[in-house]
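>>> Got a predicted structure plus its sequence, pasted below:
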Amino acid sequence: MKKYLLLFIIAIFVMSCSKKVEVKGKITGGAPLERIEFVEASGVGTLPLINIGLDKDGNFSGSFEAPKDGMYVINYANRQNLIYLEGGQNVNISGNGMTFPNEFVITGDAKKNNDFLQATQKFLGEYGSKLNLNQLMAGDEASFLKGIHKVEADINKNVDDLAKKNNPSKGLITWKKNDIKVTILNLLANYEMSHGPMAGNMSYKASKAFKDYEVKLEDDKEAMVKTIPLYRQYLLVKMTPDFQKYAEANSKGKTDITTSELFAQYLKTKKDISQTAKDYLLAFVMAQTDIHPTTPAKRIDKIKKIIDSDIKDATIKSDLLKMQMAITGLKIGDAAPEAPLVKQDGKSYNLSENKGKPYMLFFYASWNPYISEATVPVLKEVVNFYKSKMNFVFVNVDDTKDQFVKTSNSLLKGIQGVNVYGEKGMESEIAKKYGVYGFKLPCFVIIDKDGKIASRSFVNLGEQELVTILDKLTGLAAPRVDQAPQQMPQGLQVDPSAQQQAPQPANPQPAQTK
């Protein structure tokens, strides 16, 4: 009996510690080509945790490891909304394809939390529409503070009332209360910066009562900096004037210094800022300024060193490195990673079979319409020009092998190359090792004859840098067209999908409160 009791206790413990979220649902009228993504809203990166497709009836299902209990962004059809999720939950989401995820219904484990969240957001929208914020901001400081105190009290009362009605988790209530504080802090910051010019009093300085109120609102600053990106932006705005002075004094004569380097050095002088805050703020600055698709290799190495030496939090460090790899690709000169791949006949395929000859990896999926419309015609020209000197491996990341067979047969028919599939598509080992995400399709990576990475990740076959690499590895010379330098010869034109699919270093998070 004791043995079974112990096993039961262990099972309960494992379930309670699980970070996996099981999600399923139905989007009525949803397009099969649309995808649903979940992104952690409070993290430093913006990489999707999962990319889920809809079947012909609009049904979808999947699971992902939730880094923490908290806010997540749902992406669908270029629209976003917030949802509160906790590890171990089974979540059912339904909605209409025309309005999802702006509107959705939750059932299952996450219902109470998200009913509460949606109710508070509805109240804030209605309350904000009745609030004369311009009048409040234009008043003298005493009137402004009195009005802002009332705003805070009104919102908190509503949150408390809705909490009694919906019984959300303590974690969500804490987040919502801190979210309100951050909104108020931003209003205070706006007032402090704008009141002098608006009132014609350029000597205006905030009073002690004003500053004391700010301090009171930041009583949970460690939790706020961890969970609310808007608070990080608030802190950066507050320190911008001081950082600008520091940058001007410490960047003279340094032509190759990056914003990330300067900011990392600046943070070392700030003894009043916690290490946690420094990690999140530095990560934010790096993501915004120095991690992007065209970052030179020399700068990539610099950023990696800063991440390694200045970021102390292991999760933030890991997320930044994943983000950098997803945006810029694997390190040039490193061995190309192997991963399980299968051909149409079910036989396994190894990338090492190309050793001795350079090759191009082309990642694609059927649900990206730009691939068939714009990429494939250009790909045909590229293959025809270089096929005598290099190989081509077309890696499909559709949801099923059956879809892979259909897609490869229709899209790539008659194009010389090896058609292979990564089992589980976007969740496959090959996609993870090469940092392939929905925003990065189509994706091209060049491998040299020794099996080493020879290029960053490209989303545009017509980029001159890519043509230069192909010429160098093959010994061929693609002719140039003087009047249109971006065009490749013989119809190899710039792929319009690059403008549609180019990855962004840091997508903006939806506003939490107005």
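Sure, I can see it.
>>> show me where the stretch 351-500 of the chain has helices.
369-370, 376-386, 401-411, 429-433, 464-474, 497-501 (DSSP state H, counting those that start in this stretch).
>>> can you give me how far the second one is from the chain middle?
Right, the one you point to is helix 376-386. Chain-centre distance of helix 376-386: 31 Å, with C-alpha atoms, centre = their mean, to the nearest Å.
>>> ok and it relative to helix 464-474, angle-wise?
Counting by axes from the mean of the first three to the mean of the last three C-alpha atoms, to 10 degrees, helix 376-386 points 30 degrees away from the direction of helix 464-474.
>>> could you give the mean pLDDT of helix 376-386?
Taken as a whole, helix 376-386 has an average pLDDT of 95.
>>> what do you get for the third one?
Confidence over helix 401-411, taken as the mean pLDDT, stands at 95.
>>> Tell me which other helices or strands that helix touches.
For helix 401-411, the elements it packs on are strand 391-396, strand 418-421, judged by 3 or more C-beta pairs under 8 Å, 6 or more residues apart in numbering; DSSP states H and E. The way it works is simple: take the backbone N, C-alpha and C, and place the C-beta from them, glycine included.
>>> buried set for it?
401, 403-405, 407-408, 411 (16 or more other C-beta atoms under 10 Å).
>>> which among those residues gets closest to residue 216?
Distance to residue 216, by C-beta to C-beta, is smallest for residue 403 among the buried residues of helix 401-411, at 56.2 Å.
>>> coming back round to it: same list, the buried residues of helix 401-411, but as TSV with distance to residue 53 please.
Conversion of the buried residues of helix 401-411 to TSV gives the following (distance: C-beta to C-beta, whole Å):
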residue	distance to residue 53
401	14
403	9
404	13
405	16
407	13
408	17
411	17
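>>> rewinding a little: please identify which of the helices of the stretch 351-500 of the chain is closest to residue 238.
Evaluated over those, closeness to residue 238 peaks at helix 497-501, with 35.7 Å, by C-beta to C-beta.
>>> pLDDT weak spots in the stretch 401-514 of the chain?
Segments of the stretch 401-514 of the chain classed as low confidence (criterion: pLDDT under 70) are 480-514.
>>> make that the chain, sorry
Ranges of the chain meeting pLDDT under 70: 1-18, 480-514.
>>> what's the helix of greatest length in it packed up against?
Identified as the longest helix of the chain according to DSSP state H is helix 170-199. Packing contacts for helix 170-199, counted by 3+ C-beta pairs under 8 Å, 6+ apart, involve strand 70-76, helix 111-130, helix 133-138, helix 141-166, helix 208-217, helix 221-227, helix 229-250.
>>> Of the helices of the stretch 351-500 of the chain, give the one that comes closest to residue 326.
Closest among these, once you apply C-beta to C-beta, is helix 429-433, at 10.0 Å.
>>> Quick check: buried residues in the closest one?
Neighbour-count burial for helix 429-433 flags 430-432 (criterion: 16+ other C-beta under 10 Å).
>>> who touches it?
For helix 429-433, contacts defined as C-beta atoms under 8 Å, 6 or more residues apart in numbering pick out 337, 339-341, 363, 395, 397, 422-423, 425, 436-437.
>>> swap in stretch 131-144?
By C-beta under 8 Å, 6+ apart, the residues outside stretch 131-144 that reach it are 147-148, 151, 187, 190-191, 194-195, 198-199, 206-207, 210.
>>> please redo it, this time with the cut-off set to 7 Å
If you take C-beta atoms under 7 Å, 6 or more residues apart in numbering as the criterion, stretch 131-144 is touched by 147, 151, 190-191, 194, 198, 207, 210.
>>> Narrow the residues you listed to those that are buried.
Members of those classed as buried by 16+ other C-beta under 10 Å are 147, 151, 191, 210.
>>> how close does the third one sit to residue 198?
Using C-beta to C-beta, to the nearest Å, residue 191 is found at 9 Å from residue 198.
>>> Same question for the first one.
Using C-beta to C-beta, residue 147 is found at 15 Å from residue 198.
>>> quick one: contacts for residue 41?
For residue 41, the contact set (C-beta under 7 Å, 6+ apart) comprises 71-73, 82, 509.
>>> My guess is residue 96 contacts residue 28. True?
Yes - Residue 96 lies in contact with residue 28 (C-beta atoms under 7 Å); the separation is 5.2 Å.
>>> Look at the two and report which has more neighbours.
Ranked by neighbour count (other C-beta atoms under 10 Å), residue 96 and residue 28 place residue 96 first, with 15 against 12.
>>> Tell me which residues touch that one, please.
Residue 96 makes contact with 28-29, according to C-beta under 7 Å, 6+ apart.
>>> Start and end of stretch 132-143, how far apart?
End-to-end span of stretch 132-143 (C-alpha to C-alpha, to the nearest Å): 13 Å.
>>> looking at the helices of the stretch 351-500 of the chain, which is closest to residue 301?
When those are compared by C-beta to C-beta, helix 464-474 sits nearest residue 301, at 17.8 Å.
>>> C-alpha coordinates for the closest one, PDB please?
Output in PDB follows, covering the C-alpha atoms of helix 464-474 (Å, rounded to 0.1, in the frame of the first residue of the first chain):
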ATOM      1  CA  GLN A 464      24.000  40.100 -53.800                       C
ATOM      2  CA  GLU A 465      25.800  38.700 -50.800                       C
ATOM      3  CA  LEU A 466      24.300  35.300 -51.500                       C
ATOM      4  CA  VAL A 467      25.300  35.400 -55.200                       C
ATOM      5  CA  THR A 468      28.800  36.300 -54.200                       C
ATOM      6  CA  ILE A 469      29.000  33.300 -51.900                       C
ATOM      7  CA  LEU A 470      27.600  31.000 -54.600                       C
ATOM      8  CA  ASP A 471      30.100  32.300 -57.200                       C
ATOM      9  CA  LYS A 472      33.000  31.800 -54.800                       C
ATOM     10  CA  LEU A 473      32.100  28.200 -53.800                       C
ATOM     11  CA  THR A 474      31.400  27.100 -57.400                       C
END
